[in-house]
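Colleague: let's see this in three dimensions:
(chains A and B)
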There are 2 protein chains.
Amino acid sequence: MQLFYTPDINPTHPQYFLNEEESKHAIRVMRLEKGDVVKLVDGRGGLYAASILDAHPKRTILQINSVIPEFNKRNHYLHIAIAPTKNIERTEWFLEKATEIGIDEVSLFICQRSERKEAKVERLNKIITSAIKQSIKAYHPILNEPVTFNQLLAKPFNGQKFIAHCDKGEKMSLKSGLSANGSYLILIGPEGDFTPAEINEALNNNFKAITLGESRLRTETAALEACFEVNFLNRLG
Amino acid sequence: MQLFYTPDINPTHPQYFLNEEESKHAIRVMRLEKGDVVKLVDGRGGLYAASILDAHPKRTILQINSVIPEFNKRNHYLHIAIAPTKNIERTEWFLEKATEIGIDEVSLFICQRSERKEAKVERLNKIITSAIKQSIKAYHPILNEPVTFNQLLAKPFNGQKFIAHCDKGEKMSLKSGLSANGSYLILIGPEGDFTPAEINEALNNNFKAITLGESRLRTETAALEACFEVNFLNRLG
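Modeller: Numbering: from 1, shown residues only, chains lettered A, B, ... in the order given. Down below sits the predicted model:
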């Protein structure tokens, strides 16, 4: 089943025109023909069933047959803020895997020990988009432009706030500290971890320190572990 | 702290000689000097503290100062059997991440819908070794040579046996079906999943069908999800 990401779709309009790139992919690569059925997601929860009305290789016309709103709507809101890894590929696979497992928003931040001071959001967002197509997600996770650690802390967030770090100090597990069906913001530090000053700054901003288990995890593994734990703890049955 | 993987170490011997490659790495690359402290793991649970007695660039001599047996011994035994992915890099990162999070044994198997019919265990094992060094694991996960699906089922296994598949049929979650502190064998199928015949074959061999949640996961993500869940369910606190 071919799935397209079509954020510009109008739910009230009975037809949709694939852009030139998607049309070429559908007709020339996938060899789809008139009458073939495809699916569309708008990234805001809408899953559309459509069929090809005109198999035009540059301007394919689709007939919208049905719409499912809030498809697989999640029972919680997960926002993970991660310091981009020195090797950006590690951040890329975190984004791919987190999208598959389930995440709503990702923020990138630069802190004192960040070896990488920038990240190309456009490229990273393409990885998220291909992951939602692969795993049939109707909601497209939000990816925010990099900010400094202090700018991140200054952002308002209505929900539980956690910081995962490897330094000393009292920590709770998500298993014991997470309230089900809530909104969560979890900070994951860079290679080399947060500085003690940054940890204090977060604690002073009502973040709770958490542990992700006894294993020493890489930045991107810790972020995925947090994503897994939050989804698992909110899973029914 | 420099850590070396030294499976041939003799716990009763007060000294250890790094091989030529490790000696070069220690002395020429890491610039370690006489008296510097390093750590060694034997892959069987032993964590050794040692200091450099002779900083020879080809035959470094270490003085063993102390040994911790069964370092971070796990409270369960996890054996995941996975059909190698078409793009072997995806299997490689599963091995790296599973080693970080915690796994004891990995089997590779080829089944009917496997697009990849072979896998180079020596290369894959190197990835596991570098992951145990990075995450300071004293136990080296076992990686078995690829076998056919039927050969895998024929292997004796003393513990709970699960098969994760996306086909219809009754399934349980690990949360509901897993007995804590046990031994587990979990089968993860290839892109395209197991065939119904293979699933029946497994069920007839006392494997229980499990679900890893509602998301459609790639082979390597499903394997990592299973690894996450087993470790999480066995984690104290």
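
Colleague: near chain B, which residues of chain A are found?
Modeller: Applying C-beta under 8 Å from any C-beta of the partner chain, we find that chain A lies next to chain B at A:72, A:93, A:97, A:100-102, A:134-137, A:173, A:175-176, A:213-218, A:221, A:224-225, A:228-229, A:231-232, A:235, A:237. Every residue, glycine included, has its C-beta placed from N, CA and C.

Colleague: in helices only, show me the residues you listed.
Modeller: Residues of the residues of chain A next to chain B located in helices (DSSP state H): A:93, A:97, A:100-101, A:134, A:175-176, A:221, A:224-225, A:228-229, A:231-232.

Colleague: just flag the most distant two among the residues you listed.
Modeller: For those, the farthest-apart pair by C-beta to C-beta is A:134 and A:176; their separation is 33.9 Å.

Colleague: ranges for the strands of chain A?
Modeller: Secondary structure of chain A (DSSP state E): strands located at A:3-5, A:15-17, A:37-41, A:47-54, A:61-68, A:77-82, A:105-110, A:142-148, A:160-164, A:172-173, A:183-188, A:208-211.

Colleague: which of residue A:134 and residue A:176 has more residues huddled nearby?
Modeller: Set side by side, residue A:134 and residue A:176 show more neighbours around residue A:134, with 16 against 8, by other C-beta atoms under 10 Å in any protein chain shown.

Colleague: next up, the contacts around the more buried one.
Modeller: For residue A:134, the contacting residues are A:100, B:216, B:218, by C-beta atoms under 8 Å, 6 or more residues apart in numbering or on different chains.

Colleague: just the buried residues out of the residues of chain A next to chain B, in ChimeraX syntax.
Modeller: Selection of the buried residues among these in ChimeraX, burial being defined by 16 or more other C-beta atoms under 10 Å in any protein chain shown:
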select /A:93,97,100,101,102,134,135,137,173,213,215,217,218,221,224,225,228,229,231,232,235
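
Colleague: tell me which residue is most central in chain A.
Modeller: residue A:141 (3.7 Å; C-alpha atoms, centre = their mean).

Colleague: I'd like the strands of chain A as a markdown table, with mean pLDDT and distance to residue B:16 appended.
Modeller: As requested, the strands of chain A are exported to a markdown table (pLDDT from 0 to 100; distance: least, C-beta to C-beta, whole Å):
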| stretch | mean pLDDT | distance to residue B:16 |
| --- | --- | --- |
| strand A:3-5 | 95 | 56 |
| strand A:15-17 | 96 | 68 |
| strand A:37-41 | 96 | 57 |
| strand A:47-54 | 97 | 60 |
| strand A:61-68 | 96 | 63 |
| strand A:77-82 | 98 | 39 |
| strand A:105-110 | 98 | 42 |
| strand A:142-148 | 98 | 45 |
| strand A:160-164 | 98 | 36 |
| strand A:172-173 | 96 | 38 |
| strand A:183-188 | 98 | 37 |
| strand A:208-211 | 97 | 33 |
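
Colleague: need those strands in CSV with distance to residue B:42, can you?
Modeller: Listed next are those as CSV, based on distance: least, C-beta to C-beta, whole Å:
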stretch, distance to residue B:42
strand A:3-5, 49
strand A:15-17, 61
strand A:37-41, 50
strand A:47-54, 53
strand A:61-68, 55
strand A:77-82, 34
strand A:105-110, 40
strand A:142-148, 42
strand A:160-164, 30
strand A:172-173, 30
strand A:183-188, 32
strand A:208-211, 27
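
Colleague: how about the ones you listed, which one is nearest residue B:40?
Modeller: When the strands of chain A are compared by C-beta to C-beta, strand A:208-211 sits nearest residue B:40, at 26.7 Å.

Colleague: circling back to that earlier point, among the contacts of residue A:134, which one has the lowest pLDDT?
Modeller: Lowest pLDDT among those: residue B:216, with 87.

Colleague: check contacts around the nearest residue to that one once chain neighbours are set aside.
Modeller: Closest residue to residue B:216 apart from its sequence neighbours, by C-beta to C-beta, 6 or more residues apart in numbering or on different chains: residue A:135 at 4.8 Å. Taking C-beta under 8 Å, 6+ apart, we find residue A:135 in contact with A:99, A:100, B:215, B:216, B:217, B:218.

Colleague: what of residue A:209?
Modeller: By C-beta under 8 Å, 6+ apart, the contact list for residue A:209 reads A:162, A:163, A:164, A:165, A:169, A:170, A:171, A:172, A:199, A:203.

Colleague: could you flag which of these are buried?
Modeller: Buried subset of these (neighbour count, 16+ other C-beta under 10 Å): A:162, A:163, A:164, A:165, A:171, A:199.

Colleague: domain ranges for chain A?
Modeller: Per the record, chain A has its domains at A:3-68, A:77-236, by automatic domain parsing.

Colleague: most packed of these?
Modeller: Greatest average neighbour count among the domains of chain A goes to domain A:77-236 (a mean of 18), per mean count of other C-beta atoms under 10 Å in any protein chain shown.

Colleague: gap between the two ends of it?
Modeller: 15 Å (C-alpha to C-alpha, to the nearest Å).

Colleague: next one: stretch A:37-46
Modeller: Using C-alpha to C-alpha, the end-to-end distance of stretch A:37-46 comes to 17 Å.

Colleague: could the ones in helices among the residues of chain A next to chain B be laid out in a markdown table, adding distance to residue B:89?
Modeller: Listed next are these as a markdown table, based on distance: C-beta to C-beta, whole Å:
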| residue | distance to residue B:89 |
| --- | --- |
| A:93 | 10 |
| A:97 | 14 |
| A:100 | 16 |
| A:101 | 19 |
| A:134 | 16 |
| A:175 | 32 |
| A:176 | 36 |
| A:221 | 16 |
| A:224 | 17 |
| A:225 | 21 |
| A:228 | 21 |
| A:229 | 26 |
| A:231 | 24 |
| A:232 | 26 |
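
Colleague: distance between the ends of stretch A:74-94?
Modeller: From its first residue to its last, stretch A:74-94 covers 19 Å (C-alpha to C-alpha).

Colleague: so how far is it off the chain centroid?
Modeller: The chain centre lies 7 Å from the centre of stretch A:74-94; the measure is C-alpha atoms, centre = their mean, to the nearest Å.

Colleague: and what of stretch A:50-59?
Modeller: 30 Å.
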